[in-house]
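Q: build the 3D model from these lines:
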Amino acid sequence: MEKFYKARDYLIEQGITEPHIGVVLGTGLHQFIKHIEVKNTIPYSDIPGFPVSTVEFHKGNLIYGKIAGKNILIMQGRFHAYEGYTMQEIVFPIRVMKLSGIKNLILSNAAGGINLNFKKGDLVLIDDHINLLAGSPLSGKNNDEIGPRYPDMSEPYALKLKELLHEKSVELDIELKRGVYAAVHGPNLETKAEYRYLRIIGADMVGMSTVPEVIAANHMQLPCAAVSVITDECDPDNLKPVNIAEIIEVAGKADEKLSRLFIKVIEAL
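A: Just a heads-up that it's a prediction; the model follows:
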């Protein structure tokens, strides 16, 4: 707890007080920042205890700003197991944001579409997930001050937030599909056989993030929801090579509609 409070107190010293909502921006998703009144931008490297993003397309800043009269904290880039971080390190910022006062958490990511009905650029609301990462951020001695030893995960993504995202997507005439997200270690993309396996076990899309953060949020009883941007189509029978530059490009094209959706949801919270 001392590490969490040290980071939280540092943020208070930087003028970050009473944030209402936390947002995590995934790979190639940054246009949301243009729509907010930015009050402070703090590099992760300046915050005690924060990991430092080693992925070149994750900016590595914690941004404090305002939308529709609401204070928000934005993670511009996140952390992944494939960077060598432990599960506990990956979720450290989520816990600090909760201790700072956020009441809701909205996450985004780039994902490969396993469901053949998903196409590049689609937005998909995560209904549920499959954790194929090595372990859980709750491993080790439980900290009862944060949450219970055995948190319930029957609805890891808050129904109220999911309903709100759906409602606002209809208002904006943005198609928002639904699906199950599988989290894998990475950083390599999957083989044909792995895509077939993921489809068999019920995954509609696959990525390398989000699930640890959602587990940590549920542990702290922090309502959360997440949207994936489909950046590549993972049909094992028609699989084509994909490079990260193409994934970033597709995410960037879908970023504008995702930003509009998030803004509408935040205004309604």
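Q: in this structure, which residue is closest to the centre?
A: Central residue of the chain (CA atoms, centre = their mean): Leu107, 3.3 Å from the mean position.
Q: quick one, phi/psi of that one?
A: According to degrees, to the nearest 10, the main-chain angles of Leu107 amount to phi -120, psi 150.
Q: ok, Gly135 - contacts?
A: Met87 (CB atoms under 8 Å, 6 or more residues apart in numbering). Any C-beta I mention is one placed from the backbone N, CA and C, and that applies to glycine too.
Q: same thing but 10 Å
A: Ala81, Thr86, Met87, Gln88, Pro212 (CB atoms under 10 Å, 6 or more residues apart in numbering).
Q: repeat for His219
A: His219 makes contacts with 91, 94-95, 98, 136-138, 142-143, 146-151, 153, as judged by CB under 10 Å, 6+ apart.
Q: Lys253 too?
A: Listed by CB under 10 Å, 6+ apart, the contact set of Lys253 reads Gly28, Lys120, Gly121, Val229, Thr231.
Q: is the first one in contact with Val229, as I believe?
A: Yes: checked against CB atoms under 10 Å, the pair Gly28 and Val229 is within contact range at 7.7 Å.
Q: need the overlap of contacts for those two.
A: Both Gly28 and Val229 are in contact with Ser108, Asn109, Ala110, Ile247, Val250, Ala251, Gly252, Lys253, Ala254, Asp255, where contact means CB under 10 Å, 6+ apart.
Q: what strand or helix carries the nearest residue to Met205 once chain neighbours are set aside?
A: In this structure, Met205 finds its nearest non-sequential neighbour in Ala111, 4.1 Å apart by CB to CB, 6 or more residues apart in numbering. Using DSSP states H and E, Ala111 maps to strand 104-113.
Q: which SSE is immediately downstream of that strand?
A: Counting by DSSP H and E, the next helix or strand C-terminal to strand 104-113 is strand 123-131.
Q: what's the first helix or strand after that next one?
A: Next in sequence after strand 123-131, counting helices and strands by DSSP H and E, comes helix 159-171.
Q: mind listing what's buried in that next one?
A: Within helix 159-171, the residues that qualify as buried are Leu161, Lys162, Leu164, Leu165, Lys168, Ser169, counting by 16 or more other CB atoms under 10 Å.
Q: now those residues as CSV including pLDDT and distance to Asn115?
A: Formatted as CSV, the buried residues of helix 159-171 follow (pLDDT from 0 to 100; distance: CB to CB, whole Å):
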residue, pLDDT, distance to Asn115
Leu161, 98, 22
Lys162, 98, 18
Leu164, 98, 23
Leu165, 98, 18
Lys168, 98, 23
Ser169, 98, 18
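Q: on that earlier part again, alpha carbons of the strand holding Ala111, as PDB, please.
A: Taking Å, rounded to 0.1, in the frame of the first residue of the first chain, the C-alpha atoms of strand 104-113 are listed here in PDB:
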ATOM      1  CA  ASN A 104     -15.500   4.100 -13.600                       C
ATOM      2  CA  LEU A 105     -12.800   2.700 -16.000                       C
ATOM      3  CA  ILE A 106     -13.100   2.600 -19.800                       C
ATOM      4  CA  LEU A 107     -10.500   0.700 -21.700                       C
ATOM      5  CA  SER A 108      -9.600   0.200 -25.400                       C
ATOM      6  CA  ASN A 109      -7.300  -2.100 -27.300                       C
ATOM      7  CA  ALA A 110      -6.300  -3.200 -30.800                       C
ATOM      8  CA  ALA A 111      -7.300  -6.900 -31.500                       C
ATOM      9  CA  GLY A 112      -7.200  -9.500 -34.200                       C
ATOM     10  CA  GLY A 113     -10.600 -10.600 -35.400                       C
END
